[in-house]
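S.K.: Provided below for reference: sequence and predicted model.
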Amino acid sequence: MPDETAALTLSAQNLTRRYGEVVAVHQFNLQLRRGEVLGLLGPNGAGKSTTLRMLTGNLAPSSGGVEICGIDLLDKPQEAKAHVGFLPEIPPLYFDMTVDEYLLLAARLHRVPKEALTAALENVKQRCGLEQRSKHLIGTLSKGYQQRVGIAQAIIHNPDVIILDEPTVGLDPNQMREIRQLIRELGTASSVILSTHILPEVENVCDRVQIMHQGGIVFDQPMIDLRQQNTSLEAVFTQLTQ
Amino acid sequence: MIATIIRKELHMLFISPLAWLLLALVQLVLAWVFLVRLDAFLEIQPQLMQIANPPGVTEIIVTPVFAVAAIVLLMITPLLSMRLIAEERRNRTLTLLISAPVSMTDIVLGKFFGLMVFFSAITGLIIALCVSLRTGGVMDFGLLLSNTIGLLLTVACSSALGLYISSLTAQPAIAAAGTLGVLLGLWLVDLAASATQSWLHYFSLLKHFGHFNQGLIDTLSTAYFILFTVTFLVLTIRRLDGERLHG
């Protein structure tokens, strides 16, 4: 369980995003502590991906602010982004590169010091089970391995905040289990935001659940409370988003 | 950070056969032009001996080679610049660069200089071709230098333009067609301008290159090239930033 006194890694205040007249995300608030795994749920089009894009600096909010490890994302985007690892819905992979080349590029882009490059590369390949695929072209890998490369890219610089948008899509049950195990491991040292449609995944992995619906948060509770009340996440989800 | 992106762009360029094919084709075309001019020079050499102050080997061979090179490089720029941003957007890989602690300026300049390194390699090959003349005569290195500077400035303009057009779309083919269209337009302005001697010729890339081609490092032309390049680089940065803001 996250300790209440643990350092805040990510805090978002009143994040709002409009596309013309349409409000995609409305007054999104979030405080995330080190060692916390947050599950972000919501039906399609609820604004999850827009929120994640704002939290990673891919999209500027219409109003509101984001602080990562106490650094304002809008004022000092580069310093703040150095603490974030992001796996978007579609992994940003260069299919013509080998796994090693791609991960080295990701490490350099995220300012991993030169002397730590090899160590970081070996470590992340071992964690994501990519040792045997070092010299393979990413384009020839199966969907599951491509997803792993995407995750490896997001954690290679040991970020304090890891944001994963549907990381287990297209994986087989064994791979899903491995990835969940990995997310739990990551959750001990960093904060993780996990956006997904798979409810058992959240029940398994997360410490806290937020449900988004029509751009706003409609539910925010620690998993442990849910378990105590003996309510199923599925019942809550259906009730709030239908 | 810019170095990382330049390195990545060159890596992406040289793992595709396109770059090697273009290098080979450009060299083939220019070597052919070079040999034709060399042949012509050898034919008229006896007559040149009778003129007082005859044009040298550099003027007769190197200048036309560079004039052709400028046109050839303008025509291949769209092929190389089209994928720079459009393809990243199409494959959703731009997110990797934007999520990383790298500024938009670094991304755009990295991509631009990556392309310029490739064009410098082509220019290097052309220079090597021309310097081979030294085995049989004396060269005017000043003229060679002004041609080199002119060629690099001209391709800097077309690269910046190509980069900007690539940032407008997610379809590399549209980016290529758009860039080719604008570059052809700028070339046609040259023909129209030489007919009318109007203000139009200030906008012609090749007209400005012509000064360098004749060995004249003209301040106005240099300023034009630099302004052109900087304008389109700034537009590209603004375009990508705007996407983040209004997206």
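M.R.: Cool, the structure landed. Not measured: the values here are computed from a predicted model.

S.K.: longest single helix anywhere in chain A?
M.R.: For chain A, the helix with the greatest residue count under DSSP state H is helix A:173-189.

S.K.: got the contact list for it?
M.R.: A:34-37, A:127-129, A:144, A:147-148, A:151, A:155, A:158, A:162, A:164, A:167-168, A:171, A:192, A:194, A:201, A:204-205, A:207 (CB atoms under 8 Å, 6 or more residues apart in numbering or on different chains). (Each C-beta comes from the backbone N, C-alpha and C, glycine too.)

S.K.: buried stuff in it?
M.R.: A:Q175, A:M176, A:E178, A:I179, A:R180, A:L182, A:I183, A:L186, A:G187 (16 or more other CB atoms under 10 Å in any protein chain shown).

S.K.: okay, the last one: pLDDT?
M.R.: As summarised for this prediction, A:G187 has a pLDDT of 89.

S.K.: ramachandran angles for the residue positioned nearest the centre of chain A?
M.R.: With distances taken as CA atoms, centre = their mean, A:I163 lies nearest the centre of chain A, 1.7 Å away. Backbone torsions of A:I163, given as degrees, to the nearest 10, read phi -120, psi 120.

S.K.: what bridges to it?
M.R.: A:F86, A:I193 (DSSP bridges).

S.K.: what does the pLDDT read for it?
M.R.: 94.

S.K.: right, and it touches A:L55 too?
M.R.: Yes. Assessed by CB atoms under 8 Å, A:I163 is found in contact with A:L55 at 6.2 Å.

S.K.: any common contacting residues for those two?
M.R.: Contacts common to A:I163 and A:L55, judged by CB under 8 Å, 6+ apart, are A:V84, A:I193.

S.K.: could you check how far the spatially closest residue to B:L22 that is not a sequence neighbour is from B:S158?
M.R.: Nearest non-adjacent residue to B:L22, counting by CB to CB, 6 or more residues apart in numbering or on different chains: B:I76, 5.6 Å away. Shown here: B:I76 relative to B:S158, a distance of 9 Å by CB to CB, to the nearest Å.

S.K.: those two: which is more packed in?
M.R.: More neighbours surround B:S158 than the other of B:I76 and B:S158, with 28 against 19 (other CB atoms under 10 Å in any protein chain shown).

S.K.: quick one: which helix or strand includes residue 236?
M.R.: Unless you meant another one, I'm taking chain A. helix A:233-241 (DSSP states H and E).

S.K.: sorry, should have said chain B
M.R.: helix B:219-246.

S.K.: helices or strands up against that helix?
M.R.: helix B:104-131, helix B:141-166, helix B:205-213 (3 or more CB pairs under 8 Å, 6 or more residues apart in numbering or on different chains; DSSP states H and E).

S.K.: and the residue nearest the centre of chain B?
M.R.: Centre-nearest of chain B using CA atoms, centre = their mean is B:V155, 1.9 Å out.

S.K.: who touches that one in this structure?
M.R.: B:L73, B:L74, B:T77, B:M116, B:F119.

S.K.: export those residues to CSV and tack on pLDDT and distance to B:R238?
M.R.: Shown next, in CSV, are the contacts of B:V155 (pLDDT from 0 to 100; distance: CB to CB, whole Å):
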residue, pLDDT, distance to B:R238
B:L73, 94, 26
B:L74, 92, 25
B:T77, 94, 21
B:M116, 96, 21
B:F119, 96, 24
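
S.K.: what is the most widely separated pair among those?
M.R.: B:L74 and B:M116 (14.4 Å; CB to CB).

S.K.: low-confidence bits of chain B, can you list those?
M.R.: B:193-198, B:247 (pLDDT under 70).

S.K.: so which bits of it are right by chain A?
M.R.: Contacts of chain B with chain A, taken as CB under 8 Å from any CB of the partner chain, map to B:1, B:4, B:8, B:11-12, B:15-16, B:91-103, B:244-245, B:247.

S.K.: out of the residues you listed, which end up buried?
M.R.: For the residues of chain B next to chain A, buried by 16+ other CB under 10 Å: B:1, B:4, B:8, B:12, B:15, B:91, B:93-103.

S.K.: burial count for A:L55?
M.R.: 24.

S.K.: okay, it and B:L168: tell me how far apart.
M.R.: Counting by CB to CB, the gap from A:L55 to B:L168 is 27 Å.

S.K.: write out the residues of chain A neighbouring chain B.
M.R.: So chain A meets chain B at A:56-60, A:77-82, A:84, A:86, A:88, A:90, A:92-97, A:101, A:105-106, A:108-111, A:153 (CB under 8 Å from any CB).

S.K.: for ChimeraX, what selects the buried ones among these?
M.R.: Applying 16+ other CB under 10 Å to those leaves a buried subset, and the ChimeraX line that selects it is:
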select /A:56,57,58,59,60,77,78,80,81,82,84,86,88,92,93,94,97,101,105,106,108,109,110,153
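
S.K.: restricted to helices, list the residues of chain A next to chain B.
M.R.: Short answer: these in helices (DSSP H) are A:P77, A:Q78, A:E79, A:A80, A:K81, A:E101, A:L105, A:A106, A:R108, A:L109, A:Q153.

S.K.: got TSV for these, with distance to A:G20 and pLDDT too?
M.R.: As requested, these are exported to TSV (distance: CB to CB, whole Å; pLDDT from 0 to 100):
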residue	distance to A:G20	pLDDT
A:P77	25	90
A:Q78	30	91
A:E79	32	91
A:A80	28	92
A:K81	27	92
A:E101	41	94
A:L105	36	95
A:A106	34	95
A:R108	38	94
A:L109	33	94
A:Q153	33	94
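
S.K.: next, format those residues as TSV and append distance to A:T51.
M.R.: Below are those laid out as TSV (distance: CB to CB, whole Å):
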residue	distance to A:T51
A:P77	17
A:Q78	21
A:E79	22
A:A80	16
A:K81	16
A:E101	32
A:L105	27
A:A106	23
A:R108	28
A:L109	23
A:Q153	21
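
S.K.: tell me which of those is nearest to B:A177?
M.R.: A:L105 (29.8 Å).

S.K.: show me the contacts for the residue nearest to that closest one when sequence neighbours are not counted.
M.R.: Residue nearest to A:L105 in three dimensions, not counting chain neighbours: B:K8, with 5.5 Å by CB to CB, 6+ apart. By CB under 8 Å, 6+ apart, B:K8 lies in contact with A:L105, B:G110, B:G114.
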